[in-house]
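Asks: predicted structure and sequence below. I'll ask about it afterward.
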Amino acid sequence: MLTDEFDRDVTGIRVSLTDRCNFDCVYCHNEGLGDTRGPMDPRENEMGTDDVVRVCKTAAEFGVDSVKFTGGEPMLREDLEEIIERVPDSMETSLTTNGTFLPGRAEGLVEAGLERVNISQDAIDREAFAEITKSGGFDRVIEGVDAALDAGLDPVKLNMVVFEATAGYVPEMVDHVAENDGLRLQLIEYMPELTGNPEWAIDIGRVHDWLAERAVEIERREMHDRKRYWIEGEDGDGRGMVEIVDPVGNPTFCANCHRVRVTHEGYLKGCLNRNDDLKPMGEMSRGEIREAFREVVADRVPYYGEYLVETDEGGWEINEKYLETADA
Ligand SMILES: Nc1nc2c(ncn2[C@@H]2O[C@H](COP(=O)(O)OP(=O)(O)OP(=O)(O)O)[C@@H](O)[C@H]2O)c(=O)[nH]1
Ligand SMILES: C[S@@+](CC[C@H](N)C(=O)[O-])C[C@H]1O[C@@H](n2cnc3c(N)ncnc32)[C@H](O)[C@@H]1O
Ligand code: SF4
Ligand code: SF4
């Protein structure tokens, strides 16, 4: 097991398989890797199947017990099933996707070993959805959610980024998961650090307060110390779970962060929001991957309050200590 300087064991990896995407969401941080726009064809800079599998196997040797595949849109990778099939059995395998490619593929993914899926659905309203994602894929996403449920991936988590354009749809989405079996909702605080437009952010504290009033039970998840609210449907019949992901300016969230990241180009990085600690894995031999893992874990910093410090105006700027590396 690798543990960083701040006593955080590293138990998970989050692998970006591509930075390509068929959507163009207005808020997209693309895991801190820049724009998703561009051709959809496979790119040469993406890690190959064997490389991804080798990274997972090496992580498993270090006791890492979960892997999340993300992107860009990870389902643009035709080899996703093969990758999942070859991930060591000791690792829980999950996927975060926009859902459009799940119809027709969800079952195969489950057969390959996929255990969980998160599907981004920012609104129930078709027009708002089109506006936010710059796509007309709403029906495909809904079909994708159904395909995941049919394939046995229950409970499916719906990811919703909470910002100016979506905040009004929160109550509707909460009712949606409370009243429909097999669904959970994950409300993600809009993170402007990588994407700009800080004026889009809304006060996530208000969402917590609103949910706390409606909740019949509140839990805390160890990962990121996230809060989970159990909400009853209007008719008192069903129950749904709503989890809040609120990293912005939240040192407690970071203090419970046990994941390192792998970019589609094959670099390890210690934090979603940081790009100055990218560790190349050379030719991606097991030895080189092992070495890069040790280095990236050794370089981890608690993000908010250390790497990023609050300005007098309430914004965030890189701590002077890291300016040199951040510019590199
Ligand atoms: N800053 C920060 N944001 C995160 C972190 N983990 C998740 N997020 C945000 O939440 C989004 C959705 O996360 P997902 O990949 O769907 O899943 P998750 O909630 O991290 O993991 P599970 O609940 O275990 O499936 C990410 O793309 C980020 O925007 C983190 O460690 N740091
Ligand atoms: C970058 S996407 C990659 C996976 C897949 N394409 C999808 O949309 O689910 C992963 C998650 O990050 C979230 N996300 C993207 N930009 C964000 C931002 N600026 N703030 C908060 N969450 C963001 C998305 O909503 C999505 O749930
Ligand atoms: S679908 Fe995912 S990767 Fe694609 S633009 Fe939207 S948030 Fe970004
Ligand atoms: S912002 Fe905090 S929680 Fe997110 S990846 Fe960085 S250290 Fe982990």
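Replies: Yes, it's here. Numbering: from 1, shown residues only. Ligands and ions are numbered 1, 2, ... in the order given.

Asks: quick check, pLDDT for residue 78.
Replies: Residue 78 carries a pLDDT value of 95.

Asks: try residue 207
Replies: 97.

Asks: same thing with the one 10 residues further on?
Replies: As summarised for this prediction, residue 217 has a pLDDT of 95.

Asks: report the contact partners of it.
Replies: 229, 230 (Cβ atoms under 8 Å, 6 or more residues apart in numbering). C-betas here are computed from N, CA, C, even on glycine.

Asks: which strand residues bridge it?
Replies: residue 230 (DSSP bridges).

Asks: what of the one 4 residues further on?
Replies: As for beta bridges, residue 221 partners with residue 226 under DSSP bridges.

Asks: pull the number of nearby residues for it.
Replies: 13 (other Cβ atoms under 10 Å).

Asks: so residue 96: helix, strand or coil?
Replies: strand (DSSP: H, G, I helix; E, B strand; the rest coil).

Asks: isn't it right next to residue 116, touching?
Replies: No: using Cβ atoms under 8 Å, residue 96 makes no contact with residue 116, being 9.5 Å away.

Asks: between the two, which is the more surrounded one?
Replies: The neighbour count for residue 96 versus residue 116, taken as other Cβ under 10 Å, is higher for residue 96 (22 against 17).

Asks: what pLDDT is listed against the more buried one?
Replies: Value listed for residue 96 in the pLDDT field: 98.

Asks: so what's it up against?
Replies: Residue 96 neighbours (Cβ under 8 Å, 6+ apart): 68, 69, 70, 74, 117, 118, 119, 120, 159.

Asks: show the buried residues in the residues you listed.
Replies: 68, 69, 70, 74, 117, 118, 119, 120, 159 (16 or more other Cβ atoms under 10 Å).

Asks: close to ligand 3, is the host helix or strand of the first one?
Replies: Looking back up the chat, that one is residue 68. Residue 68 belongs to strand 66-70 when assigned by DSSP states H and E. No: Strand 66-70 lies out of reach of ligand 3 by Cβ under 6 Å from any ligand atom, never closer than 7.9 Å.

Asks: remind me what that strand packs against, helices and strands.
Replies: Using 3 or more Cβ pairs under 8 Å, 6 or more residues apart in numbering; DSSP states H and E as the contact test, the elements touching strand 66-70 are strand 12-16, helix 80-86, strand 92-97.

Asks: what angle do that strand and strand 92-97 make?
Replies: 20 degrees (axes from the mean of the first three to the mean of the last three Cα atoms, to 10 degrees).

Asks: can strand 66-70 be said to contact ligand 4?
Replies: No: using Cβ under 6 Å from any ligand atom, we find that strand 66-70 stays clear of ligand 4, coming within 12.1 Å at best.

Asks: do that strand and ligand 2 meet?
Replies: Yes: against ligand 2, strand 66-70 shows contacts by Cβ under 6 Å from any ligand atom at residue 70.

Asks: just want the angle from that strand to strand 12-16.
Replies: Using the same axes, to 10 degrees: strand 66-70 against strand 12-16 is 20 degrees.

Asks: returning to that earlier point: residue 300: which of the helices and strands packed on strand 66-70 is closest?
Replies: Closest approach to residue 300 among these is made by strand 12-16 (13.2 Å; Cβ to Cβ).

Asks: beyond that closest one, next helix or strand please.
Replies: helix 49-61.
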